[in-house]
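Student: Give me a model of this one.
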Amino acid sequence: MLTATLAFAGVAALINITPGLDTLLVLRTSVAHGKEGGFAAALGILTGCLAWGVATAVGLTALLTASRLAYDALRIAGACYLAWLGVSALWRARRRGPARRRGPARQRGPARQSEEPAQPEEPAAASPRGRRAAFRAGLATNLLNPKAGIFYMSLVPQFIPAGAPVFRTTLLLTAVDLVELALWYWVVSHAASSLGDRIRRPSFRRRLEQFSGVAFLGFAANLALADHRA
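Tutor: This next block holds a predicted model:
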């Protein structure tokens, strides 16, 4: 059992640190809203992974491969949500550019210091409302992605030793995956937020929103065009 658990931990670690949608979401949220926002998004993702792990343990994820209707419904919902995230990010980047250009024009002479406080996202992230929004984004991107469910259903059973209790072993391997993900997202969030003011410059954040928007739209297109059982 120990050998199987360690083998799973190694494979899962390689998959978890591969750049993807969830890591991008944590990175973007951490840059825009600081560590608290990144942690909230990560917690939402981890909650979604836990739900997929439990669903795998009780056999519910088998519906995603057995029923094309269930898979397609979840796939289309996920693609629409990711497309909405992408369009929202691009819209924020578009609005942030003109706002920044107008700001200095109004500030003349000694009033220059007022250019500095324009970091609206950070207080929002510290508020319960901002953390809830980040949590919901992480949870939705994970739960509305049928590939996440298929990942658990296809990978976890391969590491369950013959004769081991399926339900408890699946939950154990899910817990291992969650711990690894939590550590990875902690590193990503701290690395992004520790860069401080330099990475939070309006020009950088605008470019990050643009990159995130295009990436989210790409993920949405990929999910929308994914074949059943892919």
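Student: only C-alpha atoms for contact and neighbour calcs from this point on.
Tutor: Will do.
Student: The lowest-mean-pLDDT helix or strand in the chain: what's the following helix or strand?
Tutor: The helix or strand of the chain with the poorest confidence is helix 121-126; it has a mean of 45 (mean pLDDT, DSSP states H and E). Sequence-wise, the next helix or strand downstream of helix 121-126 (DSSP states H and E) is helix 128-143.
Student: residues of that following helix that come out buried?
Tutor: 130-143 (16 or more other Cα atoms under 10 Å).
Student: what's that helix in contact with?
Tutor: Helix 128-143 is contacted from outside by 22, 25-26, 29, 36-38, 40-49, 51-52, 78, 81-82, 124-125, 148, using Cα atoms under 8 Å, 6 or more residues apart in numbering.
Student: likewise stretch 165-179?
Tutor: Stretch 165-179 is contacted from outside by 5, 8-9, 12-13, 46, 49-50, 53-54, 56-58, 156-157, 160, using Cα under 8 Å, 6+ apart.
Student: Closest one to A224 out of these, please.
Tutor: The closest of these to A224 turns out to be C49 (Cα to Cα; 20.8 Å).
Student: Could you check how many residues crowd around that closest one?
Tutor: Around C49 there are 23 other residues, counting by other Cα atoms under 10 Å.
Student: Find the helix or strand that it is a member of.
Tutor: helix 21-57.
Student: how far does that helix sit from the chain's center?
Tutor: Distance, stretch centre to chain centre, for helix 21-57: 5 Å (Cα atoms, centre = their mean, to the nearest Å).
Student: okay, the angle between it and helix 128-143?
Tutor: Using axes from the mean of the first three to the mean of the last three Cα atoms, to 10 degrees, the inter-axis angle of helix 21-57 relative to helix 128-143 is 60 degrees.
Student: what helices or strands is helix 21-57 leaning on?
Tutor: Packing partners of helix 21-57 (3 or more Cα pairs under 8 Å, 6 or more residues apart in numbering; DSSP states H and E): helix 121-126, helix 128-143, helix 146-155, helix 166-194, helix 202-224.
Student: Give me the buried stretch members for it, please.
Tutor: 21-23, 25-57.
Student: for T18, helix, strand, or coil?
Tutor: Here T18 is recorded as coil under DSSP: H, G, I helix; E, B strand; the rest coil.
Student: Please report how far it lies from V11.
Tutor: 11 Å (Cα to Cα, to the nearest Å).
Student: low-confidence ranges in the chain?
Tutor: Across the chain, the ranges flagged by pLDDT under 70 are 64-65, 67, 92-93, 96-127, 195-205, 208, 226-230.
Student: Now do the contacts for the closest residue to S30 other than its chain neighbours.
Tutor: Distance criterion Cα to Cα, 6 or more residues apart in numbering; nearest residue to S30, sequence neighbours excluded, is G38 at 4.2 Å. By Cα under 8 Å, 6+ apart, the contact list for G38 reads V26, L27, R28, T29, S30, V31, A134, S189.
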